[in-house]
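**Student:** 3D model of this:
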Amino acid sequence: MIAVHAGNINFKWYPKNLEKRTLAIERLLEPLVTQLLMLPPSSRVEEGRNWLMYLITLINK
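**Tutor:** Here you go, the predicted model:
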């Protein structure tokens, strides 16, 4: 368990629970990300820019 005390607020969490939730969210979002990667490039994307790399940079922000 990790506890953080910030003024009047105390946070307690278990890293293993956080890891399980992160994996569950990743599995839920995977189909959406796949669909987004299949979309054609929009006119807002600069010409010559790789669409896949553009989406990956957006996701990693």
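
**Student:** can you give me the helices in this protein?
**Tutor:** 15-38, 51-60 (DSSP state H).

**Student:** what comes up buried for the shortest one?
**Tutor:** Just to be clear, that refers to helix 51-60. For helix 51-60, the buried set under the neighbour-count rule, 16 or more other CB atoms under 10 Å, comprises residue 55. Every C-beta, even on glycine, is put in place using the N, C-alpha and C of the backbone.

**Student:** what angle sits between it and helix 15-38?
**Tutor:** 150 degrees (axes from the mean of the first three to the mean of the last three CA atoms, to 10 degrees).

**Student:** mind giving me the packing neighbours of helix 51-60?
**Tutor:** When contacts are defined as 3 or more CB pairs under 8 Å, 6 or more residues apart in numbering; DSSP states H and E, helix 51-60 packs onto helix 15-38.

**Student:** okay, the helix it packs on in PDB with CA atoms only?
**Tutor:** The C-alpha trace of helix 15-38 is given here as PDB (Å, rounded to 0.1, in the frame of the first residue of the first chain):
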ATOM      1  CA  PRO A  15      -0.200  -0.700  -6.900                       C
ATOM      2  CA  LYS A  16      -1.400  -4.100  -7.900                       C
ATOM      3  CA  ASN A  17      -5.000  -2.900  -8.100                       C
ATOM      4  CA  LEU A  18      -3.900   0.100 -10.100                       C
ATOM      5  CA  GLU A  19      -2.100  -2.200 -12.600                       C
ATOM      6  CA  LYS A  20      -5.200  -4.500 -13.000                       C
ATOM      7  CA  ARG A  21      -7.400  -1.400 -13.700                       C
ATOM      8  CA  THR A  22      -4.900   0.000 -16.200                       C
ATOM      9  CA  LEU A  23      -4.800  -3.300 -18.100                       C
ATOM     10  CA  ALA A  24      -8.600  -3.500 -18.100                       C
ATOM     11  CA  ILE A  25      -8.900   0.000 -19.500                       C
ATOM     12  CA  GLU A  26      -6.200  -0.800 -22.100                       C
ATOM     13  CA  ARG A  27      -8.200  -3.800 -23.300                       C
ATOM     14  CA  LEU A  28     -11.400  -1.700 -23.400                       C
ATOM     15  CA  LEU A  29      -9.800   1.000 -25.500                       C
ATOM     16  CA  GLU A  30      -7.900  -1.200 -27.900                       C
ATOM     17  CA  PRO A  31     -10.800  -1.600 -30.400                       C
ATOM     18  CA  LEU A  32     -11.400   2.100 -30.400                       C
ATOM     19  CA  VAL A  33      -7.700   2.800 -31.100                       C
ATOM     20  CA  THR A  34      -7.800   0.300 -33.900                       C
ATOM     21  CA  GLN A  35     -10.800   2.000 -35.500                       C
ATOM     22  CA  LEU A  36      -9.200   5.400 -35.200                       C
ATOM     23  CA  LEU A  37      -6.100   4.100 -36.900                       C
ATOM     24  CA  MET A  38      -8.200   2.900 -39.800                       C
END
